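1. Sequence plus predicted model, see below.
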Amino acid sequence: MNIEFNKNEDSMKLAWSQVRQRLEKIYEGGGKKSAAKQKERNKLTARERITYLCDEGSPFVEIGAFAGYDMYPDEGGCPAGGTVSGIGYVSGRQVVIVANDQTVKAGAWFPITGKKNLRMQEIAMENNLPIIYLVDSAGVFLPMQDEIFPDKEHFGRIFRNNAKMSAMGITQIAAVMGACVAGGAYLPIMSDETLMVEGNGSIYLAGPYLVKAAIGEDIDSETLGGAETHNAISGIADYKFKTEEACLDQVKKIMNKLGHHKKAGFDRVKSKAPEKNKGEIYGIMSEGNTKPYDVTDIINCMVDAGSFDPFKDDYGKTIVCGYARVDGWAVGIVANQRLIVKSKKGEMQLGGVIYNDSADKAARFIMNCNQKRIPLVFLQDVTGFMVGSRSEHSGIIKDGAKLVNAVANSVVPKITIIIGNSYGAGNYAMCGKAYDPRFIYAWPTAKIAVMGGEQAAKTMLQIQVATLKAKGKEITPEDEKELLKQLIDRYDSQTTPYYAAARLWVDAIIDPGETRKLISEGIAAADHNPDIAEFKTGVFQV
């Protein structure tokens, strides 16, 4: 270990510490007072319910903890999008879990809540995983109903997915532990089995106040749609329990008896520890990601010792490709390289730029992995494709299109980790969100944007200055400097991993030291779906 390594390590661990501090606040949900009110009603919080439900000591991968982060200041915030969700193990079965957080605006659905819940259903459908809903929600957040109710990717899509998943044979279980109101009432009833907690669980299209206003009937919540009503009279629910713990115990029993489906058959052998210590991953990337590093050092912190086998190692050096094993799973790795290399013309930094040969190599490797049914792992630290006359004349657009084509049409599972920059078309070519990775995570060092902050700000500055001058306004060098600073600050605030995670461009901001575990859990989830289509690339220029 040298001084440079220690400085890098301190910077990365500080960045992760800042993530953890924000997460601890998010974990409080609507606050301690709201949680105390849950306890007064003999209710667990959403996170306590998940902890009780999941197998002790098993991994739980939370998805979307930063959903809604800093997005709704005028509404008092929406921690974790008002929903706690992720992938865990119940009775030994890997499952998707979605739990409404009643402490956040009574579990009401904000626009980001809908997006997050749809993402969880997407994960269940893509990976053929059972899904468990822990229901406790007041329904749509009415002040923002126009942003959550009518569109294709809004509230109603949830119930459409319920129906689609049922037809796909995906088990859905709904445990109703609180309110389940209006359109939301369809979710538990469109699930395979519905469980209710007496005294707290209720299901109805219209609550007592709306019933009174609509038809003049006076009725209390329990009589209208409580556990006794729906188990003994309507027959809507299948089980009732006096406590939440008893309800969750029944969910475990149901999961314990599920039949087993065929697997995709991704290859796995006995796992080996990486050749590099887990802690070494923190000291490789410099503070601010301003210096070159060898991405194979990061790879060797993740993969099983001795398993990394580079592909076309001497060709297309700005992208590293190779076969490896992660926790025993066979994977194909595609990673941007930021080394300084020596040539006849002297030293040159490979700053995460994709050149013609690198695009060509990566496209070929991705096709090989699809041919061999090997899941793909993308490690993004990319500033885009190489520009200039030399690259254009060499057909960089053609080679870039070839890579994008291979990524878009890939049929094996893709897992993307954004470890550094994710700029422009490089984001697309390295399997950004638009290219359907099964899971996409960001390190605290991630930056996602159409281009770097300074370059973008300078471009916007030129436009603004020209516009102001055209209106006859005089712009001094000091004015330009201040305007540039404002543009950079505004642009940079939109490139952070927090901004991306808040909008679910990434599933989570992760501890770099946990990357290996998350890749392994992702492939384990993907292995549940045996339906892999035939790989076809369509038309592209050669």
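-> Noted; the coordinates are in hand.

2. Where does pLDDT dip in the stretch 351-500 of the chain?
-> 351, 452-457 (pLDDT under 70).

3. show me the contacts for residue 13.
-> residue 282 (Cβ atoms under 8 Å, 6 or more residues apart in numbering). Bear in mind the C-beta positions are built from the backbone N, C-alpha and C, glycine included.

4. mind starting the numbering at 16 from now?
-> All set: I'll call the first residue 16, so the last point we hit is now residue 28.

5. If you tally nearby residues, what's the number for the residue nearest to residue 368 when sequence neighbours are not counted?
-> Distances taken as Cβ to Cβ, 6 or more residues apart in numbering put residue 401 closest to residue 368, at 5.1 Å, once the chain neighbours are dropped. Neighbourhood size, residue 401 [other Cβ atoms under 10 Å]: 19.

6. Residue 401 is in contact with residue 372, isn't it?
-> No: with contacts counted by Cβ atoms under 8 Å, residue 401 stays clear of residue 372, the gap being 10.2 Å.

7. Can you check which residues contact both of the two?
-> By Cβ under 8 Å, 6+ apart, no residue touches both residue 401 and residue 372.

8. For stretch 106-120, measure first residue to last.
-> By Cα to Cα, to the nearest Å, the extent of stretch 106-120 from end to end equals 32 Å.

9. Next, the buried residues of that stretch.
-> 106, 108-120 (16 or more other Cβ atoms under 10 Å).

10. What about those residues, which are in helices?
-> Per DSSP state H, helices hold no members of these.

11. Out of these, which is nearest to residue 422?
-> Using Cβ to Cβ, residue 111 is the member of those that lies nearest residue 422, at 25.1 Å.

12. which residues touch the closest one?
-> 100, 101, 102, 135, 136, 138, 139, 144, 145, 146, 147.

13. Where strands are concerned, which of the residues you listed count?
-> Taking DSSP state E, the ones among these that sit in strands are 100, 101, 102, 146, 147.

14. Would you mind giving those as a markdown table with pLDDT and neighbour count added?
-> A markdown table is the format used below for the ones in strands among the contacts of residue 111 (pLDDT from 0 to 100; neighbours: other Cβ atoms under 10 Å):
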| residue | pLDDT | neighbour count |
| --- | --- | --- |
| 100 | 98 | 29 |
| 101 | 98 | 22 |
| 102 | 98 | 27 |
| 146 | 98 | 25 |
| 147 | 98 | 27 |
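
15. Need those residues in CSV (columns: distance to residue 368).
-> Converted to CSV, the ones in strands among the contacts of residue 111 look like this (distance: Cβ to Cβ, whole Å):
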residue, distance to residue 368
100, 37
101, 35
102, 35
146, 41
147, 45
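
16. And the helix or strand in which residue 141 is found, what's buried?
-> Per DSSP states H and E, residue 141 falls inside helix 126-142. Buried residues in helix 126-142, counted by 16+ other Cβ under 10 Å: 126-136, 138-142.

17. Repeat that for stretch 150-166.
-> 150, 151, 152, 153, 154, 155, 156, 159, 163, 164.

18. Check stretch 274-283 too.
-> 279, 281, 283.

19. Checking the second one next. Helix, strand or coil?
-> Secondary structure of residue 281, reduced to three states by DSSP: H, G, I helix; E, B strand; the rest coil: coil.
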